[in-house]
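Could you work out the structure for the sequence below:
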Amino acid sequence: MRAIFAFTPWESKRLIGKAVAALPEVCHALEHAQIVIAHGSTNVYVAEEVTGNCPERDRYVSGQVINGTLCQTQPEEKPALLRLVRGEPVPPVPTMEETLAGWDDKSLFIKGANAVDHEFNAGIFNAHHAAGTIGWAYGAICGTGIPLIVPVGLEKLVPSIKAAANELGHAKADYFYGTKIGMLPLMNAKVITEIQAFEILFGLTAVHVGSGGVSGSEGTVVVSVTGDEADVRAAIDLVEGFKGEPPLKLLKRRCAECFAPPPAFTSGTDAAKDVGTVTAEEAKVIRQCIFSGTEEADLPDWFHKREPVA
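Numbering: from 1, shown residues only. The predicted model follows:
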């Protein structure tokens, strides 16, 4: 039997979240080991499917493409990283080194992505020059052999992660529409798209046959699924249960106070001088985004504003 599905990005995130939660290694780590579910819109759904809840789901993101702009979230609004020890959430620790201390190949690190290619390599945009959360963790992940699971929807399909990563970098481009970005390529991750989701959940073969949409269906992916009738009908039943998945209610960072934080973005620059730090006024000179320092009232009309803080 063959079925054709059309998934909005939010529906894809729900499907992928269900698939990640069903992975044998995730089930094992929930009972016997540790899991980190990093910030990200897809990981909101992963967290909900794995644990039944995502704390502050509309804020559990970091960098984001929002209002047609490369942007970030407001730092003080971002919840702590979700870390599970034998299925129980535990308080965060100060560093990634401490977070991953004692981990082995039975623990799991789950991180979303901004791009995926046809070979299922993934890439992550880096607004932080050292790649932020994944940058701090990736050395331990590779050195220790910690499994890295990357849930990412096919709306983010690109021809080549290698080519994309070679194009990006804070120092490479003369103009960024929004925040500066680089890309960390992930060639050793277990990538879960809609295609893998159907295999994991139902043992079905899925093919990506189209993309795009209008009037709220922008980013939709169309997938053809084939297999035994009972399995396909089970997939149809599951999908019908989450069709119409509503979007998250995300907010961009406040542009007026969004400047490169010293010393992360400024070390090695003229403004950093010899001590590797800058003053607040010097930080404003090193613009991390074309909208840095812009009051909400002065943003372009098409750029949705934040509501004033009461």
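
show me where pLDDT drops low in the stretch 1-150 of the chain?
130-132 (pLDDT under 70).

Helices along that one, start to end?
With DSSP state H, counting those that start in this stretch as the criterion, the stretch 1-150 of the chain has helices at 9-22, 24-32, 41-51, 96-99, 132-144.

quick one: contacts of the first one?
Residues outside helix 9-22 that contact it (CB atoms under 8 Å, 6 or more residues apart in numbering) are 7, 26, 41-42, 44-50, 110, 149, 151-155, 192-194, 196-198, 200-201, 219-221, 238-239, 242-248. Every residue, glycine included, has its C-beta placed from N, CA and C.

What count of nearby residues applies to the closest residue to A235 other than its chain neighbours?
Spatial nearest neighbour of A235, chain neighbours left out: F202 (4.9 Å); criterion: CB to CB, 6 or more residues apart in numbering. Applying other CB atoms under 10 Å, we find 22 residues neighbouring F202.

Give the full set of residues in contact with F202.
227, 231-232, 234-235.

What about those residues, which are in helices?
Mapping those onto helices (DSSP state H) picks out 231-232, 234-235.

any idea which of those residues has the most stuff around it?
Ranking the ones in helices among the contacts of F202 using other CB under 10 Å puts A235 first, with 23 neighbours.

about what we covered before: farthest-apart pair in the contacts of F202, please.
G227 and A234 (9.6 Å; CB to CB).

Next one: Q34 from A19, what distance?
21 Å (CB to CB, to the nearest Å).

check contacts around the residue nearest to N126 when sequence neighbours are not counted.
Of all residues beyond its chain neighbours, the one nearest N126 is G182 (4.2 Å), with distances taken as CB to CB, 6+ apart. By CB under 8 Å, 6+ apart, G182 lies in contact with 125-126, 129, 131, 165, 168-170, 172.

Which among the residues you listed count as buried?
125-126, 129, 131, 165, 168, 170 (16 or more other CB atoms under 10 Å).

for the residues you listed, which one is nearest R59?
Out of the buried ones among the contacts of G182, the member with the shortest distance to R59 (by CB to CB) is F125, at 18.7 Å.
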